[in-house]
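Asker: Pasting a predicted model and its sequence here:
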Amino acid sequence: METFFDQLAIGASTGALYALLALALVFIFRATDIVNFAQGEMAMFNTYIGWSISRPLSFSWIPFLSIERHINILNWHPEVFGIPLFLGSESDGSTRLGYLLIVIGTVAIAFVMGGLIERLIIRPSEGKNLLNAVIVTLGIFAIVNSIANWRYGPVPQNYPAPFKGNAVDFGLFKLGQHSLFALIVGVAMMFAIYVFFQRTKLGLAVRAAALNPQASELMGINTGQMLTLGWSLAAAIGCLAGMLVAPSVAGISPNLMLGVLLYAFAAAVLGGLDSALGAVVGGLAVGIGQTMVVQYIGSEWSDIVAFGLIIGILMVKPTGIFGSPVVKKV
Amino acid sequence: MKMTGNYRQGIERFIPSPAEAVVLATLLFFTWYLYGGTGNDVFAGLSTFIVVAIAWVLGVAIRVALNDMRWWLLVIALLLVMAPWLALNTFQIAVMTEVLVFSLLLHGLNVVTGLTGQMSLGHGALVGLSAYAVAILVDHWDWPLLPAMAAAVALTFAFGFALGIPALRLAGPYLAIATVAAALVFPLVLKLDSVQDYTGGVQGLRLHKQPQPPGFIGGFLENESIAKIPEQKKFAPEEVQVKERQKFAQATYLYFLCFGVAAIGTFAAWNLQRSRFGRAFIAVRDAEVAATSMGVNTALYKVTAFGISALYAGIAGALLYMVVAFVAPESFDLFNLSINPIAYLVIGGLAAPGGAMVGAFGYKWGPEVIKKIARTDTDFDKLQGALTGLMLIVVMTRMPQGVWGSLTRLNSFSWKALINETKAWVLSRTIAYWLAIALGVAVVIAIGAWFAPVWGVFAAGLLVVAPQDAWAGVFLWLRSLPAIGRRRAPAPGDAR
Amino acid sequence: MKWHRKTWMLALLAIIAVLPVLGIACGDDDDEGDEGGTPATTATTAATTAGGSPTKAATKSPADEIANIKGDTTGVTDKEVKIGSYYAKTGPAAVYNDIQLAWNMYFDEVNKKGGIAGRQIKFIVEDDGYNPSNTVNVVKKLVEQDQVFMLFNALGTPTGMAVLEYVKAQGVPSLFIASGASKWANSGPTIIGIQPDYVTEGTVLGKEMAEKQKGKKYGILYQNDDFGKDGREGLKKGVGTALTLVGEETYEANAADITSQALKLINAGAEVIATYATPAQFAGVLKSVKAQGKTVTWYSSSVTASGSTAKLAEGAMDGVITAGYAPDPTDPDPDVQKVVKFFKDHGVANPTAFHIVAWVFAEHLERLLTVTGKNLNRSSLIYAMENVAFQGDWTSTLLYKPTIITKDDHRPIEAMFIQKWNQAAGKFDFDVSKIIDSETTKR
């Protein structure tokens, strides 16, 4: 039984990572009605931006401010649960931004970047064949991956994480602190997305713009803005996912999301592409399914059985477990 | 698609039309690329000039003689026949061979995606299935190559039909991901310990004997190859020269084998689209419910589409194994054979056999040309992927119906309309808009000096937005300029 | 004059008839050969198949013999030699691209000093994305279009397998292939690997386990490709019956997390886990197994034996035992530090183990080309490699034992050692005197 629970815990912590990216996929599907192949790579690139602002500060890049001399902010280190909020001192004496600042900064950059991508690249291909938009996201995939490769190099780098200590013991099993954190963030995000789409006016407008642009234009919704917002928020969610994936797979590299994106897609489709709950359930199911196959069938079968099961479930429920059925109209 | 009609009179007949100009410019660039490889500019320039001049003279001749705009199809067909002679070395012949093989795969994808409107990202598995079937039959059971290829194609065809049945239940992104799953699982199955004896496991399987040209053809081709012997080997002993000639004969023979199959395949695809089946496929794509109520058996047509598509993929897979002479699980990674082909199909142009040909050409030669451009300095080398992505985006935003679709639309081109449209486009935006653009550029330059990736993002944006049609004189797409600064007003026929 | 339709058709037919002639004429156009001088040797007369045995001359030593061997001089001029290679510049295998960049830096420096035997070394490195189908094209391009003299340090096993037959048939030497497949050692005179093959390495690691961990239970965790499967084979061979095998688990190269496989082994009672994994996944599994509070002794392949893996593992690598054949940049040895400094001077912020091995590979090529000297052709190159350059009197500055290559021994680097990562000191602990030279023990 110990074996079972050990594998369950490991599966859940990998599944949480799939679920996080799957949530971003679900979000963009609901908000813009397209499947975004570049979601993983956008997340990876934003995660890299988080990495570059998390390196020791030298302030040499703001020559006219010269913060070190004038502002004595570096000695102020407020902490919450032991996580430095704004600035942290490292053991090697360097000063870094605190985790919270890194997250806020990175998510803000991701938000802007998502919007820019929608405005500059997605917009011109909108309103045409749906496939065109998908091919455009493939183009973004290639561009972002290659820029990251060129700018940051292919070698994995360490990534900051808020909780790094030993696993939390739940009696039956142990769960790593970081995995627990990722799970909590995932579930919280799921609720946030649910509330956003179902309980807020803005979410309703975003959904309407995606489902029926003409009618929403007539109702006074600025569909263009809604689409931009959808991409921005999806990029921000993806970026959070990336920041949680990077520490758990031993560092960030341009291929960070390669091993996660396909499973995240599988998870999103399994749960239903338009359901946030489905994304989380699907992610956990895929993660736990894989570890169970490893334990009880054999590790070389893990992906074969996992993907086979997904195809099988889709045969029974063609729009995923929690997805709403597609209505065909003339 | 009709391109007939008396188009010009008098001296104007000799001036290329925009469509012709695009074809000629492509030819010019491509020939320069081919012959530029020798490092001899005079030679490259001369050859380029000769090839383009021939194409032009031929084109005008056919156009005036037949009074038909389809002259460039003939020219392209002729150039394809002559490709082994125009190519400088067997490498270029081999790539052209693969272009033909991939055109078959794209025709197959076109039936499923272009005509029937189902998105399959799993065709790599079908290609792999066929290639591996040939490999195992030849390697394990010592079958001769041709029967093995026929058996493999039949197997893939049957498998495709079987695959079509579960695909019936799925639609849109769900089908796409399910097919991705199939493509992902395929190489993993090959690596299982239990089947390793047949599939060769991670080591892959090799074809030890590619088909050799039979006696008289081989002799003819070897004679034809005298000009192909590389400079350095011109004075080499006879046996080296003989080896070089055999190499050419072999490559050319493979090329024409594939050429024959591809010609039949293209012809069949062309006819299929205009047949009862083709119209039924399109009906299933555009109005499934309406088609059903009109008595079209949509399920049957969907499954048939999958079957035909698998047939093409199977032929492509068998030929690919014959040409490449090696298969390994790594050959069938998701992007190489499943996702990229569909991207290039859409770039070439959906629902048109010509689009599949253009797509195959771009799929094999695009990366080669990009490599050549990117090789200017070492650091830029890593941005090859970005250039490829940029190409995808530029084509998709500027030519929503693919290269082929845009080419066929170019015939209604008029310079006057172009000038008027450009004027209207510039004036449709306020001065504030242009100022904002200028400011934005300045800001990007300022930020870029501090944080280099911004340059990449900016360059990407610039190529998509600004010099739209600096390319190849293809000005017509100004009409589809991005809606930046304009409010998005969906048209009634807006497909979503 | 009025041209009727028939006239046009006639003209068209005439042009079509002339076309093939013109086509050949284009190809026939005399071009001046490549930039950079005339072919090194005039008409080649003797055997052109590389590796042919030289004409007998009893009084001359092998070293003098090189000057008399005639052979294929494709890609060689008096001023330049063109050498091809393929690496993955994109995708998961792109980490290895650093090796190629590093040996390019090395030879830039060599070229600045006048090159080797008066020739500049020019590399053409193609990107094949680690996909065997691409490799076939890429190598055809290198051989047919770029007319390279040889291939050097091309990356990968499946990629190399895809072009093996072709490269052999063309007589293009493919030397010092960057892959640990045992296949390269017996693929004819023109093919040779560089690093100890994974089976040999696994055997060395297995024997060490058999000696130190006798009687315990162990498990194997390997990547599902040629690297992992060869390593697994070697490990089992080396361990023999000294330890009990509780399980073999595998994972796909792009897997995000492989903790599940490790936990299965540990829960099955494994006290020792031997891994054939790549650095990122290995570091990840070390971290999460440690976080789970489980203790196990790790043995790992030379691929993970580097300070950068330890950095990724954030302290969890302490006490991990690995095989190795080249030192790590963390090694305080002055020679190693000189190399590290060389790469730092060339703009590499953190030289890794890849830069060290690239240096070693480059030194091998430099040695070979230097020994071959002025009379460089494919036959003399292979002759020099098998008979003169690596006869036990030359050692790479970063290795501990001389490299030996003979006609029957196409395994260049064979000396390996066992090392243990010492987290406190930030370097590997190992005993130079205990180098295992499989040269003496094998066959």
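Answerer: Here it is on my side, so go on. Numbering: from 1, shown residues only, chains lettered A, B, ... in the order given.
Asker: C:Gln120 in helix, strand or coil?
Answerer: Recorded secondary structure, C:Gln120: strand (DSSP: H, G, I helix; E, B strand; the rest coil).
Asker: dump the residue contacts of it.
Answerer: Taking CB atoms under 8 Å, 6 or more residues apart in numbering or on different chains, we find C:Gln120 in contact with C:36, C:79-81, C:111. Bear in mind the C-beta positions are built from the backbone N, C-alpha and C, glycine included.
Asker: Run a quick neighbour tally on B:Asn105.
Answerer: In this structure residue B:105 is Leu, not Asn. Using other CB atoms under 10 Å in any protein chain shown, B:Leu105 has 32 neighbouring residues.
Asker: Please identify the helix or strand for it.
Answerer: Following DSSP states H and E, one finds B:Leu105 within helix B:90-109.
Asker: just C:Phe417 next, same as before
Answerer: Residue-wise, C:Phe417 maps onto strand C:415-422 under DSSP H and E.
Asker: One more: C:Ile177?
Answerer: In the assignment (DSSP H and E), C:Ile177 maps to strand C:174-177.
Asker: Please name every helix or strand in contact with that strand.
Answerer: The helices and strands touching strand C:174-177, judged by 3 or more CB pairs under 8 Å, 6 or more residues apart in numbering or on different chains; DSSP states H and E, are strand C:150-152, helix C:157-170, strand C:191-193, helix C:353-372.
Asker: Highest mean neighbour count across the ones you listed, which stretch is it?
Answerer: strand C:150-152 (a mean of 27; mean count of other CB atoms under 10 Å in any protein chain shown).
Asker: Residues touching stretch C:93-104, excluding its own?
Answerer: Taking CB under 8 Å, 6+ apart as the rule, stretch C:93-104 contacts A:149, A:153-156, A:253-255, B:378, C:85, C:87-89, C:123, C:125, C:129-130, C:153, C:155-156, C:178, C:343, C:348, C:351-352, C:354-355, C:357-359, C:361-362, C:365.
Asker: ok so, going back, just checking, next helix/strand downstream of the strand holding C:Phe417?
Answerer: Counting by DSSP H and E, what follows strand C:415-422 is strand C:427-429.
Asker: before we move on, back to that, of all the helices and strands packed on strand C:174-177, which lies closest to chain B?
Answerer: helix C:157-170 (4.2 Å; CB to the nearest CB).
Asker: Packing partners of the closest one?
Answerer: strand B:205-206, strand B:326-327, helix C:132-140, strand C:174-177, strand C:191-193, helix C:226-239.
Asker: Next, the buried residues of the longest one.
Answerer: Along helix C:226-239, these residues count as buried under the neighbour rule (16 or more other CB atoms under 10 Å in any protein chain shown): C:226-236, C:238-239.
Asker: before we move on, back to that, C:Gln423: which of the helices and strands packed on helix C:157-170 is closest?
Answerer: Ranking the helices and strands packed on helix C:157-170 by proximity to C:Gln423 (CB to CB) places helix C:226-239 first, at 24.5 Å.
Asker: would C:Tyr299 count as being in a strand?
Answerer: Yes - under three-state DSSP, C:Tyr299 falls within a strand.
Asker: Just list the residues touching A:Phe163, thanks.
Answerer: A:83, A:177-178, A:180-181.
Asker: mind redoing it with 6 Å?
Answerer: Applying CB atoms under 6 Å, 6 or more residues apart in numbering or on different chains to A:Phe163 gives the contacts A:177-178, A:181.
Asker: cool, B:Ala283 as well?
Answerer: By CB under 6 Å, 6+ apart, the contact list for B:Ala283 reads B:291, B:296.
Asker: That one belongs to a strand?
Answerer: No - counting by three-state DSSP, B:Ala283 falls outside a strand, being helix.
Asker: Relative to C:Lys112, how far out is the residue of the stretch 301-443 of chain C found nearest chain B?
Answerer: The nearest approach of the stretch 301-443 of chain C to chain B comes at C:Gly347, 10.5 Å away (CB to the nearest CB). For C:Gly347, the distance to C:Lys112 (CB to CB, to the nearest Å) stands at 15 Å.
Asker: follow-up on the earlier one: compare the contacts of C:Gln120 and tell me which is most surrounded.
Answerer: Using other CB under 10 Å as the neighbour criterion, C:Val81 leads the contacts of C:Gln120 with 25 neighbours.
Asker: Spell out the secondary structure type for that residue.
Answerer: strand.
Asker: Read off the pLDDT value for the nearest residue to it once chain neighbours are set aside.
Answerer: Among residues not flanking C:Val81 along the chain, C:Arg119 sits closest, at 4.9 Å (CB to CB, 6 or more residues apart in numbering or on different chains). Looking at C:Arg119, its pLDDT is 93.
Asker: Quick check: beta-bridge partners of C:Arg119?
Answerer: Beta-bridge partners for C:Arg119, by DSSP bridges, are C:Ile116.
Asker: Check the one 5 residues further on too.
Answerer: According to DSSP bridges, C:Gly84 are recorded as the beta-bridge partners of C:Ile124.
Asker: quick one: it and C:Ser85 touch, right?
Answerer: No - counting by CB atoms under 6 Å, C:Ile124 does not reach C:Ser85; the two are 7.4 Å apart.
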